[in-house]
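J.: Sequence unavailable; structure follows:
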């Protein structure tokens, strides 16, 4: 019985159109940014673009625009990939930013 439940759960996860590794709009986060978790779309107001870079408002972390963690967002929205609370909380792995034309 337990084996059947595990198999059913695995099949359901494999056939799900949206996984934890996918953005809400369907594009796939690079594994290097999230290792199948740790990424989420965030409201525009949660990231402030300034002369010195991008500030993550919830943590105060400043990421220079030239930092290799800054990547172009495929859907024109901000996405933040960071270590979960308790594991170097607030440490950004990747920040997907919309092009300035959005």
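T.: Yep, it's here. The shown structure was predicted, so the numbers you read here are calculated from the model rather than taken from an experiment. Numbering: from 1, shown residues only.
J.: quick one, helices of this structure?
T.: Counting by DSSP state H, the chain has these helices, from start to end: 2-15, 31-34.
J.: How about residues contacting the shortest one?
T.: Identification of contacts with helix 31-34 by CB atoms under 8 Å, 6 or more residues apart in numbering yields 21, 39, 71, 81, 93-94. Where C-beta positions appear, they are placed from N, C-alpha and C, glycine not excepted.
J.: Make JSON lines out of those residues and add distance to residue 33 and neighbour count.
T.: Below are the contacts of helix 31-34 laid out as JSON lines (distance: CB to CB, whole Å; neighbours: other CB atoms under 10 Å):
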{"residue": "21", "distance to residue 33": "10", "neighbour count": "16"}
{"residue": "39", "distance to residue 33": "6", "neighbour count": "22"}
{"residue": "71", "distance to residue 33": "8", "neighbour count": "16"}
{"residue": "81", "distance to residue 33": "4", "neighbour count": "21"}
{"residue": "93", "distance to residue 33": "5", "neighbour count": "18"}
{"residue": "94", "distance to residue 33": "4", "neighbour count": "21"}
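J.: Just flag the most distant two among these.
T.: By the measure CB to CB, 21 and 71 form the most distant pair in the contacts of helix 31-34, at 15.3 Å.
J.: what residues are up against residue 72?
T.: If you count contacts by CB under 8 Å, 6+ apart, then residue 72 has 96-97, 99 around it.
J.: roughly how far apart are it and residue 65?
T.: 12 Å (CB to CB, to the nearest Å).
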